[in-house]
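In: give me the fold of what follows.
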Amino acid sequence: MPLDSAPCWAVNQSLGNRFAPAQAITRGGLRVDEETGAVFRGDEGVVKGLYAAGRAAVGLCSGGFVSGVSLADTIFSGKRAGRDAALAGVVRGVREGENGAGERDKVPAYA
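Out: Predicted coordinates for the structure are as follows:
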């Protein structure tokens with residue numbers, strides 16, 4: 001889906017903006033479902049099969065950046081997105097008859 005029209009926003013992270021949290025790293029940018037990490041389209045639906053993790057999925061830090069925050073965000077959001085992507089693949093396989101009935105129950109508990 002090309003991002004050539006609204007709703008898309010930019011945050012001034014330039015060196016001239018003294019209120020920008022930190023200009024040295026990339027953060028924020030994608031609006032995601034808080035439960036799954038799926039990336040939203042402009043019409044409130046999600047882009048099927050597209051998940052985001054890390055700072056691109058968690059947002060901007062407020063008031064400054066604390067070392068280690070991005071690592072924790074990446075671990076949490078990566079697990080969330082990976083779990084949902086794995087479950088979506090299993091459900092799709094059952095629906096399409098690839099794996100046989102009941103395969104969703106075989107997803108490991110840690111997924």
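
In: tally of neighbours for residue 44?
Out: Around residue 44 there are 7 other residues, counting by other Cβ atoms under 10 Å. Where C-beta positions appear, they are placed from N, C-alpha and C, glycine not excepted.

In: could I get the buried residue list for the lengthiest helix in the chain?
Out: The helix spanning the most residues in the chain, taking DSSP state H as the definition, is helix 69-95. When neighbours are counted by 16 or more other Cβ atoms under 10 Å, the buried residues of helix 69-95 are found to be 70, 73-74, 77-78, 80-81, 83-85, 90, 94.

In: okay, now the unreliable bits of this protein?
Out: 1-11, 13, 18-28, 59-66, 90-111 (pLDDT under 70).

In: circling back to that earlier point, pick out whichever of the buried residues of helix 69-95 sits closest to residue 37.
Out: Proximity to residue 37 was ranked across the buried residues of helix 69-95 by Cβ to Cβ; first place goes to residue 81, at 3.3 Å.

In: can you report how many residues neighbour residue 34?
Out: Around residue 34 sit 10 other residues, with neighbours defined as other Cβ under 10 Å.

In: can you tell me how far it is from residue 14?
Out: 29 Å (Cβ to Cβ, to the nearest Å).

In: packing partners for the longest strand belonging to the chain?
Out: Scanning the chain for the longest strand, with DSSP state E as the assignment, gives strand 46-51. Using 3 or more Cβ pairs under 8 Å, 6 or more residues apart in numbering; DSSP states H and E as the contact definition, the elements that strand 46-51 packs against are strand 38-40, helix 69-95.

In: no further queries at this time; thank you.
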